[in-house]
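[1] I'd like to go over a predicted model; first the sequence, then the structure.
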Amino acid sequence: MEMLIDFPGGARVDAHFGPYTVQTDQPPMGGGQASAPTPFALFLASIGTCAGIYVLGFCTQRNLPTNGIKILQQINSNPVTGMVDSIDLEIQVPPDFPEKYYPALVRSAEQCKVKQHFDKPPKFNVFSKVNA
């Protein structure tokens, strides 16, 4: 997959891939207008939404209703470094959701590709090149 990242103005940085454009911006204190999420907020949102795709798939395959299911994501940061120490994903189900599926629901969320990349992170190659 290839993405093109460009700078449409102000503190905005957008990513284009396939038919999609993902917009990012910075808050006013960072020189932006808060017109879109920050790149880091999108990164964090990708964790919960990825887990959600797997939970949705699990329920869909078993004809289980998904109304009332939510995932509460809690980011726990180190106050000294500001880095994320841990991320909690709490799958909240309605009272009538079959209890026998709770462990499998958790296992399905743990299959998230974003989470798996934390376990085995890719190598980053950053370089510059003259644009022809």
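    Sure, I can see it. Numbers count the residues shown, from 1 in each chain.
[2] Give the next helix or strand downstream of the biggest helix by length in the chain.
    The residue-count maximum for a helix in the chain (DSSP state H) belongs to helix 39-61. The helix or strand immediately downstream of helix 39-61 is strand 70-77, counting by DSSP states H and E.
[3] thinking again about what came up before, can you check what angle separates the longest helix of the chain from strand 70-77?
    150 degrees (axes from the mean of the first three to the mean of the last three C-alpha atoms, to 10 degrees).
[4] and helix 39-61, what other elements does it pack with?
    strand 20-24, strand 70-77, strand 84-92, helix 102-109, helix 113-119 (3 or more C-beta pairs under 8 Å, 6 or more residues apart in numbering; DSSP states H and E). In short, each C-beta sits where N, CA and C put it, glycine included.
[5] so which of these gets nearest residue 37?
    For residue 37, the closest of the helices and strands packed on helix 39-61 is strand 20-24, at 6.2 Å, according to C-beta to C-beta.
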